[in-house]
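Enquirer: this one's structure only:
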Ligand SMILES: [Zn+2]
Ligand SMILES: [Zn+2]
């Protein structure tokens, strides 16, 4: 069996015509969506098939299309959606329905707050949580197959050891790299050299850089090259629509 990863959105809260906000679709036994920022919904060809959404954190560029997804599923005759996220996700969803009361009870919503090291079984796979560093409750996720982590998605974070540990031995690390090294004093996010310093010690087959601010435009090759200087693996810049297949 293979796992298909599709980058729905690779951008941030600042508009870029070629990048909508964060969203990654991973085809396990069923499709699982990681983050659901603005622009993600219109690119989901079969929103009814999506019954699991994992949110890395509750910044708008990662959650803006969640209610739109719920509405689209309702209008399409879909019944249910499970939403997972860090501490505060359940409260946030409740407040979302306070703002849109007409959407209450249209479909069954089940929300789970997750914490560091929590594990969620999705069919034959397991999603493993790792606490990240983003100035608010935030999680990265590993996708494991037969107890081996194959795919890791960092969400928004500074480069952290928890993600490095989770990614050691993985096929692909999808890591945010919001800014090039030329942007000074970056906190709560990642630059190429900061990423390389933390991930240089691990073994991972491929690193894909996502969550790209407009500041990265024109620096893409340099960013890839910098990470490669630290990490002996394939490095790529994500693009909306890009897809990878991982053998499992
Ligand atoms: Zn964020
Ligand atoms: Zn973000």
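Expert: Thanks, I have it. Remember, it's a predicted structure, so these values are computed and weren't measured experimentally. Numbering: from 1, shown residues only. Ligands and ions are numbered 1, 2, ... in the order given.

Enquirer: now the phi/psi pair for residue 169, please.
Expert: phi 90, psi 0 (degrees, to the nearest 10).

Enquirer: distance check, it against ligand 1.
Expert: Plainly put, residue 169 is 27 Å away from ligand 1 if you go by C-beta to the ion, to the nearest Å. Where C-beta positions appear, they are placed from N, C-alpha and C, glycine not excepted.

Enquirer: please apply the same query to residue 218.
Expert: From residue 218 across to ligand 1, the span is 23 Å (C-beta to the ion).

Enquirer: residues contacting that residue?
Expert: Neighbour list for residue 218: empty [criterion: C-beta atoms under 8 Å, 6 or more residues apart in numbering].

Enquirer: would you say it is within a helix?
Expert: No: counting by DSSP: H, G, I helix; E, B strand; the rest coil, residue 218 is not part of a helix but coil.

Enquirer: pLDDT wise, what is it at?
Expert: Looking at residue 218, its pLDDT is 97.

Enquirer: what helix or strand is residue 112 on?
Expert: Following DSSP states H and E, the helix or strand that holds residue 112 is strand 108-114.

Enquirer: could you tell me which residues of this protein lie near ligand 1?
Expert: The interface of the chain toward ligand 1, taken as C-beta under 5 Å from the ion, is made up of 59, 156.

Enquirer: tell me which stretches of the chain form helices.
Expert: Counting by DSSP state H, the chain has these helices, from start to end: 60-63, 66-75, 89-99, 161-167, 192-199, 220-230.

Enquirer: tabulate those (CSV), appending mean neighbour count and distance to ligand 2.
Expert: Output for the helices of the chain, formatted as CSV (neighbours: other C-beta atoms under 10 Å; distance: least, C-beta to the ion, whole Å):
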stretch, mean neighbour count, distance to ligand 2
helix 60-63, 21, 4
helix 66-75, 19, 14
helix 89-99, 14, 15
helix 161-167, 21, 15
helix 192-199, 20, 16
helix 220-230, 17, 17
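
Enquirer: list the contacts of residue 78.
Expert: 47, 48, 107.

Enquirer: the closest residue to the second one other than its chain neighbours and ligand 2: what is the separation?
Expert: Spelled out, that is residue 48. Distances taken as C-beta to C-beta, 6 or more residues apart in numbering place residue 78 nearest to residue 48, at 4.2 Å, with adjacent residues excluded. As for residue 78, its distance to ligand 2 is 27 Å (criterion: C-beta to the ion).

Enquirer: what does the chain have sitting close to ligand 2?
Expert: Going by C-beta under 5 Å from the ion, the residues of the chain near ligand 2 are 61, 156.

Enquirer: any idea which helix or strand of the chain has the worst average confidence?
Expert: strand 243-247 (a mean of 94; mean pLDDT, DSSP states H and E).

Enquirer: report how many residues lie close to residue 135.
Expert: Other residues near residue 135 number 13, with proximity taken as other C-beta atoms under 10 Å.

Enquirer: how far away is the residue of the chain most remote from its centre from residue 96?
Expert: The outermost residue of the chain relative to its centre, with distances by C-alpha atoms, centre = their mean, is residue 102 at 29.0 Å. Here the criterion is C-beta to C-beta, to the nearest Å. By it, residue 102 lies 12 Å from residue 96.

Enquirer: so residue 191 sits against residue 184, correct?
Expert: No: here residue 191 does not reach residue 184: they are 9.4 Å apart, not a contact under C-beta atoms under 8 Å.

Enquirer: for the two, indicate the residue with more neighbours.
Expert: Shown here are residue 191 and residue 184; by other C-beta under 10 Å, residue 191 has more neighbours (23 against 7).

Enquirer: and the more buried one, how far from residue 164?
Expert: Relative to residue 164, residue 191 is positioned 16 Å away (criterion: C-beta to C-beta).
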